[in-house]
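Undergrad: mind folding the following:
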Amino acid sequence: MRATFPYMGNIYIPLRTIFKNLGIEPIIPPPYNQETLTMGAKLAPELICIPFKLTLGNIINALQQGADTVIHTSGRWSCRYGYYPFLSGIILRDLGFKFRQIVLRRDNLLEIVKILKEIHPNYTTIIRKIIRAFSLGYEKSKTLEKLERLAFFIRPREKNTGETSRYLRYYLTNLDKAKRSQEVRNLFTEARKKMRSLPQKEIKGIRVKIVGESFCVIEPFVNFNLLEKLGEMEIEVDPFLTAHRWLGFHSLRLGRSEVKEVGHLAETYWPFCVGGEDKNTIGYSIKAAKDNYDGIIHLHPFACMPHTSCGSSLERISRDYNIPVLSLSLDEFTQEASFYNRVEAFVELLKRKKTRLERPR
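TA: Below you'll find the model as predicted:
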């Protein structure tokens, strides 16, 4: 079996490891680019969100690379994301692609065992492979999170712009190649030592919470590498969701106490969960205000109903908690220059506000 899957950010690193150790050959298409987006936008329904257009283009790339199976996640809990597998399957088959499609939901996870039984008839072998695959995959996912969080902290303080990002790319490449848990642990120990030893400067200590739809927050192509660029503007970013947290929240259902806490915070402003991380966006925005963050950036796809609807609630939170909020919608027509004009103006506002608050009276 040569399988592919839609991915965002660096989520492919732990997933590639899991697939390989389960005896499935992973086909990872190239990182998202303008060609992928153009192809997906041409084939997708006009008003569907940009994550669908990008993932559709990427699946086509993978099928052209020889993938014979497409694995999707889905669920009734979701917004239009829940329909992605079925809609993309219709489009791809209309284009003449022949492939097996596997749709994983929380209510049919036994599908994984059936697939593995086709590859490994012996149940003992299956159990051994599942344990190794998911333990090493989880170790890599957790280390991926720690590396990215370390970079979010170091990057605003680096004296030599771009140095943190170069180290991060180097260690992520090695993390992808690591074959044992001990290699992964040693890699992080070395990375932490190297990155913390980089020359640093004093900064104002401005912290910004990033909230919004999962794909727009995690995937750097769609958000114009915002998290890295904000770091280079001396802003410490804290995305409410990362690749590791997405896997934990939606696949393994980890962090339920945190999800419950955030949901409770959101109740006054947004009592229902429509999908697309709308309620988490509201809850984490309130939590950021209570935790004395300096600002909030809300990223979402153009025409995303849940996030368009909750925009008015974010405006109320901004007024009620006196915290600046910048809401940015993204689609295939969004221009990087105009996007960063708004971001840079927002950053300047935060810096001036910080200076005014620190000035002695």
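Undergrad: what's the helix ranked longest in the chain packed up against?
TA: Longest helix in the chain by number of residues (criterion: DSSP state H): helix 123-154. Packing contacts for helix 123-154, counted by 3 or more CB pairs under 8 Å, 6 or more residues apart in numbering; DSSP states H and E, involve helix 12-21, helix 110-119, helix 163-177, helix 181-196, helix 226-232, strand 235-239, helix 243-246. Glycine gets a C-beta too; all of them are placed from N, C-alpha and C.
Undergrad: which parts of the fifth one are buried?
TA: This means helix 226-232. In terms of neighbour count (16 or more other CB atoms under 10 Å), helix 226-232 has its buried residues at L226, L227, E228, K229, L230, G231.
Undergrad: who touches it?
TA: 151-152, 155-156, 161-162, 164-165, 208, 210, 220, 237, 239, 297, 299, 340, 343, 347 (CB atoms under 8 Å, 6 or more residues apart in numbering).
Undergrad: pull the contacting residues for the residue positioned nearest the centre of the chain.
TA: Residue closest to the mean C-alpha point of the chain, counted by CA atoms, centre = their mean, is I218 at 2.6 Å. Contacts of I218 were listed using CB under 8 Å, 6+ apart, and they are M8, G9, I11, P239, L241, T242, A243, W246.
Undergrad: now with 6 Å?
TA: M8, G9, A243 (CB atoms under 6 Å, 6 or more residues apart in numbering).
Undergrad: now, of these, which are buried?
TA: Judged by 16+ other CB under 10 Å, buried ones among those: M8, G9, A243.
Undergrad: from G89, how far out is the residue nearest to the first one when sequence neighbours are not counted?
TA: Nearest in space to M8, with sequence neighbours left out and distances taken as CB to CB, 6 or more residues apart in numbering, is E219 at 4.2 Å. To G89, E219 is 22 Å away according to CB to CB, to the nearest Å.
Undergrad: neighbour count for those two, which is higher?
TA: Using other CB atoms under 10 Å as the criterion, E219 and G89 rank with E219 on top: 24 against 17.
Undergrad: from what I see, that one and G9 are in contact.
TA: Yes - with contact defined as CB atoms under 6 Å, E219 reaches G9; the gap is 5.4 Å.
Undergrad: sketch out the low-pLDDT regions of this protein for me.
TA: Judged by pLDDT under 70, the chain has its weakly predicted residues at 75-78, 106-109, 111, 116, 119-121, 123, 249-255, 359-361.
Undergrad: could you chop it up by domain?
TA: 2-119, 138-200, 205-361 (automatic domain parsing).
Undergrad: out of those domains, the one nearest R132 is which?
TA: Ranking those by proximity to R132 (CB to CB) places domain 2-119 first, at 5.3 Å.
Undergrad: check which helix or strand covers T36.
TA: In the assignment (DSSP states H and E), T36 maps to helix 34-43.
Undergrad: which elements pack onto that helix?
TA: Judged by 3 or more CB pairs under 6 Å, 6 or more residues apart in numbering; DSSP states H and E, helix 34-43 is in contact with helix 50-64.
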